[in-house]
Every structure is written in structure tokens, then in C-alpha cells.
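Asks: coordinates only, no sequence provided:
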């Protein structure tokens, strides 16, 4: 897929310099940045879910048994 983006002058200059140092194209730099952002987003979703039930007053054994009873109905 091709796309066009507008960058502020400061970001465009920084991108150009960084690409020279890394010896990569601007397109490759944008692909890497997007991949990194998506990976971080996925990770933060897992972190939000971890411990989500911590404050609930549930006995895990009873909860699982109730679920299993639903399956047997």
C-alpha cells in the first residue's frame, strides 16, 4: 500500500538525518515506527487486562464450577 503523509519541518529533518545514520529509506523508517507502535499497543492491551479481576470478590474454584455447570445444561 502506498500513502502520503505530511510531516512538520522539524520531524522531516529529523527523519532525514536518522535515515542517513541508519542507512535506510524513509519508507523503511516509517514501517519500523509503525511496527513498533503496533507492538507497544498490543502489549499495553495485555497489561491492562492483567489483574482485571483482582478486585472482584470471587472464589475461582466456585466460578469455574459454575461455568462448567452451564456447559452441562
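Replies: Sure, I can see it. Please read these numbers as outputs of a predicted model, since none were measured by experiment.
Asks: burial of residue 30, as a residue count?
Replies: Residues near residue 30, counting by other C-beta atoms under 10 Å, number 15. C-betas here are computed from N, CA, C, even on glycine.
Asks: hmm, I was thinking of residue 42
Replies: With other C-beta under 10 Å as criterion, residue 42 counts 10.
Asks: so what touches the strand or helix carrying it?
Replies: Following DSSP states H and E, one finds residue 42 within helix 26-49. For helix 26-49, contacts defined as C-beta atoms under 8 Å, 6 or more residues apart in numbering pick out 5, 15, 16, 18, 19, 22, 24.
Asks: mind redoing it with 10 Å?
Replies: The contact list for helix 26-49, computed with C-beta atoms under 10 Å, 6 or more residues apart in numbering, reads 2, 3, 5, 7, 12, 15, 16, 18, 19, 22, 24, 25.
Asks: pull out the buried positions in stretch 12-28.
Replies: residue 19 (16 or more other C-beta atoms under 10 Å).
Asks: tell me which element residue 62 falls in.
Replies: helix 60-72.
Asks: which pLDDT value belongs to the closest residue to residue 18 other than its chain neighbours?
Replies: Leaving aside its sequence neighbours, residue 18 sits nearest to residue 29 (C-beta to C-beta, 6 or more residues apart in numbering; 6.5 Å). With respect to pLDDT, residue 29 has a value of 97.
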